[in-house]
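K.L.:
Have a look at this prediction, sequence included:
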Amino acid sequence: MTTGTDAAETDAARRARLAGLACLGITAIGWGLNWPLMKILLRDWPPLFARGVAGVAAAGILAAIAISRRQSLAIPRAAIPQLLFASFTNVFAWMGMTTVAMKFISVGEGALIVYTMPIWTLLLAWPLRGARPTLRDIAAVLLGLAGVSLLLGGGGFSFSGERMLGVALSLAAAVLFALGNILNRTPLPLPPFSAVAWQVGIGCFAMLVLGVAFETPSYQALSLTGFACLVYMTLIPMAVCYLTWFATLRRLPPAGAAAGMLLVPAIATVAAAGVLGEPLGLREVIAIALTLGGVGLALGRA
């Protein structure tokens, strides 16, 4: 027999789950749409400079949110090496390398390669943590590689030097992020928003410095459309979506939240087809299904 208290708890759990799913949807859409908009911004500004400007501004917003929530921004001295390593793998590699890659490959190719990260986590966990792969792991790797190979093989694997560079940068971003997930097993001793603000700030400031030093950006080249994309990148993926992502993690199991992120490369590919006119046919759909099927198996194992 269900009591009034049990019914109230069940109703509260249902509302929390629906709120979590809504936050997950906002996060996936916000991050997915960022890919084609980033490609548009790169028509005006070079990649490291563009991502650096957006990231440094977003870090300021995240720091302000942390302060408003009374989260300390102080960094324990012992945590500085871990923070720098996390900033490199989670931000500089993940955001910087993928942004540079967008100069040379399509959004669909870049997003799908980058989101194979859970597969590389499985493979790296064997030599680094002694986690031997299971049949499920092998199936995940094979599915993921089959999907990426199908997508990249649309042109008969005739890679130009620039396209090969784009693929290599995307793959490096996925592998380095996976490496960071394995080696950064101990959470940073910082509150959530403070930790993200510092990582985004450090990683993107490095991009900004490199962009100013080597990319020689033209500040006047930013069009009204590019400016709108820059504002979106700053406010939505790096600020609002982090808020909704943390809200998702408070309301949904981690495995379910991570699996929901498989929507991001699919949304990015579909959005790029509509906004940029990138191809989206049966081959691309099958490639997405194969790759995300493998990633889903890898997430289930993780």
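P.N.:
Sure thing, it's come through. These numbers were taken from a predicted model, which means no experiment stands behind them. Numbering: from 1, shown residues only.
K.L.:
Phi first, then psi, for Met261.
P.N.:
With angles defined as degrees, to the nearest 10, Met261 sits at phi -70, psi -10.
K.L.:
which element is the closest residue to it other than its chain neighbours on?
P.N.:
Excluding its sequence neighbours, the residue lying closest to Met261 (CB to CB, 6 or more residues apart in numbering) is Ala28, at 6.4 Å. (Glycine included, C-beta is placed from N, CA and C.) In this structure, Ala28 is located in helix 4-41 according to DSSP states H and E.
K.L.:
Give the buried residues for that helix.
P.N.:
20-21, 23-24, 26-41 (16 or more other CB atoms under 10 Å).
K.L.:
That one - contacts with which helices or strands?
P.N.:
Counting contacts by 3 or more CB pairs under 8 Å, 6 or more residues apart in numbering; DSSP states H and E, helix 4-41 is packed against helix 47-68, helix 107-114, helix 224-235, helix 241-251, helix 254-260, helix 263-276.
K.L.:
which other residues reach the last one?
P.N.:
Read that as helix 263-276. Defining contact as CB atoms under 8 Å, 6 or more residues apart in numbering, one finds that helix 263-276 is touched by 25, 28-29, 31-37, 39-40, 106-108, 111-112, 114-115, 278-280, 284, 288, 291-292.
K.L.:
how about the helices in the stretch 51-200 of the chain?
P.N.:
Counting by DSSP state H, counting those that start in this stretch, the stretch 51-200 of the chain has helices at residues 80-87, 98-101, 107-114, 117-129, 135-152, 161-183, 192-210.
K.L.:
Now the ones you listed in CSV, please, with extra columns for mean pLDDT.
P.N.:
Formatted as CSV, the helices of the stretch 51-200 of the chain follow (pLDDT from 0 to 100):
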stretch, mean pLDDT
helix 80-87, 95
helix 98-101, 96
helix 107-114, 92
helix 117-129, 85
helix 135-152, 85
helix 161-183, 91
helix 192-210, 95
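K.L.:
hang on, isn't Val100 packed against Leu48?
P.N.:
Yes: under the criterion of CB atoms under 8 Å, Val100 makes contact with Leu48 at 6.6 Å.
K.L.:
what about those two, which has more around it?
P.N.:
Legend: neighbour count by other CB atoms under 10 Å for Val100 and Leu48, higher for Leu48 (26 against 22).
K.L.:
which residue packs closest to the more buried one, ignoring adjacent ones?
P.N.:
Leaving aside its chain neighbours, Leu48 sits nearest to Gly211 (3.8 Å; criterion: CB to CB, 6+ apart).
K.L.:
For the one you found, give me its contacts.
P.N.:
46-52, 217.
K.L.:
Of these - the most surrounded one?
P.N.:
Busiest of the contacts of Gly211 [other CB under 10 Å] is Arg51, holding 31 neighbours.
K.L.:
what's the distance between it and Gly153?
P.N.:
29 Å (CB to CB, to the nearest Å).
K.L.:
go on, Thr248?
P.N.:
Look at Thr248 and Gly153: by CB to CB, they are 35 Å apart.
K.L.:
Comparing these two, which shows the higher neighbour count?
P.N.:
Just comparing Thr248 and Gly153: by other CB under 10 Å the higher neighbour count belongs to Thr248, 26 against 12.
K.L.:
you'd agree Ile242 is up against Ala63?
P.N.:
For the record, residue 242 is Tyr, not Ile. No: here Tyr242 does not reach Ala63: they are 11.9 Å apart, not a contact under CB under 8 Å.
K.L.:
what is in contact with those two at once?
P.N.:
Taking CB under 8 Å, 6+ apart as the contact rule, Tyr242 and Ala63 both touch Phe193.
K.L.:
what about these two, which has more around it?
P.N.:
For the pair Tyr242 and Ala63, the greater number of neighbours falls to Tyr242 (23 against 19), based on other CB under 10 Å.
K.L.:
before we move on, back to that, I'd like to know how far the residue nearest to Leu48 sits from Phe205.
P.N.:
Distance from Gly211 to Phe205, by CB to CB: 10 Å.
K.L.:
Name the residues contacting each of those two.
P.N.:
Here Gly211 and Phe205 have Gly52 as joint contacts, going by CB under 8 Å, 6+ apart.
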